[in-house]
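# Dropping the sequence and predicted coords here.
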Amino acid sequence: MNDIRYGLLLPGGLAQLAAGNSARGLLDMVVGAERAGFDSVWAGDSLVRARVEPLALLAAAASVTERITLGTAALIPAYRHPVQAALTLASLDLLSEGRLILGVGAGFPGFSEPEFELSGVRFKTRFSHLDDTVRLWPQLWSGNSEPFHGKVLRYDWLPEVPSPHRPGGPPVWLAGITPAALARTGRLYDGWLPYPPETEDYSAGLAAIEETREAEGRPADAITPALFATVYIDDDADRGRSALEEYCQATYNMPLEAVGTIQVMITGSAEHVAAQLDRYVKAGARHLLIRIAAVGPESFADQLDRVAALLPG
């Protein structure tokens, strides 16, 4: 389908760097992805699973590319002061001339609590903090420095920040598939970036989002349905599963059996992987963000060639 977009998650985690990838090499990868026909490249964000800082990486990527969209998957706004983040993101949108998309999230119970404590944000109020932040940013980006009083964020004085290149600022996509996340996506966000293992859950989630969007009176095209999918292409099924297992252990210190109940993890021949991704397209996904389950640089380069061959045209 001509309206489907394809993105690549950059391998900027410590596991990849320890295996021989380089931070500078990520920029070469961005340039290569643009030439190969990818529509977007994305950078992750974590303190527990430390990585190259995503906004610094995307700023550098903006300077070496012309067309490709630059995204976060997913930025955790709680790690940064909301006002300072608004300034940084406006600057990044200016540097990229409007090519920025912000996938955002609020962390995971049982995993992200130390990150929030370190950042000075109560984990219990993480969703209100995120929604307040996402409401504050457009206010600042529009030049409105009037006081802001949200559920948890309250500012009696706000500075002026530069207006982003894109009118209204970068679109903000929410990562999450809980009923509350679906309702919040329909009310407030510009896109949806989940990773459910079952297409039935994807289609049901999208239907719930659309129901809320319509009830809120938002336009039919207000929300971009996306998908975060981890893939490893190999004709040998056992070898492919072993690669997924290695990736899950290196990235999460968890077995594939556990991660696979939460995230869509696909392996098999190129035809099989393409068919599985197409199931999500048929369920409504329009922007496929692909994470390659390879830790070392040689394996990643080989997989990148295989994934690029799946792109249309």
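Okay, I see it. Predicted model only: the values in this text are computed from it and were never measured. Numbering: from 1, shown residues only.
# CA only for contacts and neighbour counts going forward, please
OK.
# And the strands in the stretch 101-250 of the chain?
148-149, 154-155, 172-174, 191-192, 224-233 (DSSP state E, counting those that start in this stretch).
# and the first one, how far out from the chain's middle?
Yep, that's strand 148-149 we're talking about. 27 Å (Cα atoms, centre = their mean, to the nearest Å).
# So, low pLDDT: which residues of the stretch 151-300 of the chain?
Within the stretch 151-300 of the chain, no stretch falls below the threshold (pLDDT under 70).
# ranges for the helices of it?
179-188, 199-215, 237-252, 256-259, 270-282, 297-308 (DSSP state H, counting those that start in this stretch).
# Show me what the shortest one is packed against.
Okay, so that is helix 256-259. Contact here means 3 or more Cα pairs under 8 Å, 6 or more residues apart in numbering; DSSP states H and E; on that basis helix 256-259 packs against helix 237-252.
# Could you do the third one as well?
Based on contacts counted as 3+ Cα pairs under 8 Å, 6+ apart, the elements that helix 237-252 packs against are strand 224-233, helix 256-259, strand 265-268.
# Buried residues in the second one, which are they?
Of the residues in helix 256-259, those buried by neighbour count under the rule 16 or more other Cα atoms under 10 Å are 256, 259.
# Tabulate the helices of the stretch 151-300 of the chain (JSON lines), appending distance to residue 289.
Putting the helices of the stretch 151-300 of the chain into JSON lines (distance: least, Cα to Cα, whole Å) gives the following:
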{"stretch": "helix 179-188", "distance to residue 289": "18"}
{"stretch": "helix 199-215", "distance to residue 289": "15"}
{"stretch": "helix 237-252", "distance to residue 289": "17"}
{"stretch": "helix 256-259", "distance to residue 289": "18"}
{"stretch": "helix 270-282", "distance to residue 289": "10"}
{"stretch": "helix 297-308", "distance to residue 289": "11"}
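# Tell me which of these lies nearest to residue 35.
Closest to residue 35 of the helices of the stretch 151-300 of the chain is helix 297-308 (Cα to Cα; 10.2 Å).
# got the angle for the closest one vs helix 270-282?
60 degrees (axes from the mean of the first three to the mean of the last three Cα atoms, to 10 degrees).
# for helix 297-308, packing partners?
Helix 297-308 is packed against strand 224-233, strand 287-292, with contacts defined by 3+ Cα pairs under 8 Å, 6+ apart.
# Quickly note the distance from residue 177 to residue 231.
Separation of residue 177 from residue 231 (Cα to Cα, to the nearest Å) stands at 20 Å.
# Looking at these two, which one has more neighbours?
residue 231 (24 against 21; other Cα atoms under 10 Å).
# Quick check: beta-bridge partners of that one?
Bridge pairing for residue 231 (DSSP bridges) gives the partners residue 266, residue 292.
# I'd say it and residue 270 touch.
No - with contact defined as Cα atoms under 8 Å, residue 231 does not reach residue 270; the gap is 10.0 Å.
# what's near enough to touch the residue nearest in space to the middle of the chain?
Nearest to the mean C-alpha position of the chain, by Cα atoms, centre = their mean, lies residue 73 at 1.9 Å. Counting by Cα atoms under 8 Å, 6 or more residues apart in numbering, residue 73 makes contact with 9, 42-45, 102-104.
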